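A.B. asks: pasting the structure only:
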């Protein structure tokens, strides 16, 4: 077993459309008493090595980390390597995409075009039901502390955390990294506090931040949001060109402290004023 895979368990649970693959990492204290849990919802790249490493990091903080594969029912996704998906998704919205692709060997061009087509035509209808099933799976486990489940999601997964919130799913907290906002007319259904991390240069997501903040404030729901200057969509993922080390470290600390306040864990949160509904902060990078 390699250092990267140490402690990582491959598992599955029952979703409404059939078995859903997942990875989990137990905390060092596993078996002594039920632990708080973190549900990790991956970005559009899939359940990558980056996501697995993030699960290991959460486990070291004292959580049972659980990351479902939202592409478990996607046969086309299985035909690509992790590197091909990362390369294709990274080029999807690049202004010079066609020029870059045209300079590649013919076989690489075809593989990239296949990734583009897959990403545009994915069947997204199973993602939210599987995310809900993952939350229910954790809630029913004897080794998970009752009322001690938080969720964190990135891009695709971040949007799903927001959808879980407006769907009234009973979680203790949710952290959203550059995810699409949920329907704002459903914010009154939110049952758990959210912490949202925005990239400053993210035209599809961040311009909606003010409307999200105002909707949460009007509904009396707790929202704490941060905008990280000089960052782009995907800044948390060290394998992506948009990675921003300072913002990733700062947002990681804030997420850890937020979860420690809400469900416990290995870090001691720094005291801070009580959050106002719809509070928004412009983060130093």
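C.D. replies: That came through fine. Being a predicted model, the structure only gives us computed values, none of them experimental.

A.B. asks: which stretches of the chain form strands?
C.D. replies: With strands called from DSSP state E, the chain shows them at 8-15, 18-25, 35-41, 64-68, 144-154, 173-177, 194-201, 223-232, 279-282.

A.B. asks: from residue 188, how far out is the residue nearest to the spatial centre of the chain?
C.D. replies: Most central in the chain under CA atoms, centre = their mean is residue 153, positioned 1.5 Å from the mean C-alpha point. Here residue 153 is placed at a distance of 21 Å from residue 188 (CB to CB, to the nearest Å). Glycine gets a C-beta too; all of them are placed from N, C-alpha and C.

A.B. asks: can you count the residues close to residue 10?
C.D. replies: By other CB atoms under 10 Å, 10 other residues sit near residue 10.

A.B. asks: on that earlier part again, between the strands of the chain, which one is closest to residue 247.
C.D. replies: Among the strands of the chain, the nearest to residue 247 by CB to CB is strand 223-232 (4.0 Å).

A.B. asks: count of neighbours near the residue lying closest to residue 251 once chain neighbours are set aside?
C.D. replies: Spatially, and ignoring its direct neighbours in sequence, residue 251 is nearest to residue 197 (4.7 Å; CB to CB, 6 or more residues apart in numbering). Counted with other CB under 10 Å, residues neighbouring residue 197 total 28.

A.B. asks: wait, isn't residue 197 in contact with residue 175?
C.D. replies: Yes: judged on CB atoms under 8 Å, residue 197 makes contact with residue 175 at a distance of 7.1 Å.

A.B. asks: for residue 248, see how far away the nearest residue to residue 39 once chain neighbours are set aside is.
C.D. replies: Nearest non-adjacent residue to residue 39, counting by CB to CB, 6+ apart: residue 151, 4.2 Å away. The gap separating residue 151 from residue 248 is 19 Å, by CB to CB.

A.B. asks: ok, residue 73 touching residue 17?
C.D. replies: Yes: counting by CB under 8 Å, residue 17 is a contact partner of residue 73 at 5.6 Å.

A.B. asks: neighbour-wise, which of residue 151 and residue 248 wins?
C.D. replies: A direct count of neighbours by other CB under 10 Å for residue 151 and residue 248 places residue 151 higher, at 31 against 18.

A.B. asks: what about stretch 40-51, how long is it end to end?
C.D. replies: Across stretch 40-51, the terminal residues are separated by 8 Å (CA to CA, to the nearest Å).

A.B. asks: actually, stretch 205-213.
C.D. replies: From start residue to end residue, stretch 205-213 stretches across 13 Å - CA to CA.

A.B. asks: got any ranges where the stretch 151-285 of the chain has weak pLDDT?
C.D. replies: Low-confidence segments of the stretch 151-285 of the chain (pLDDT under 70): 266-285.
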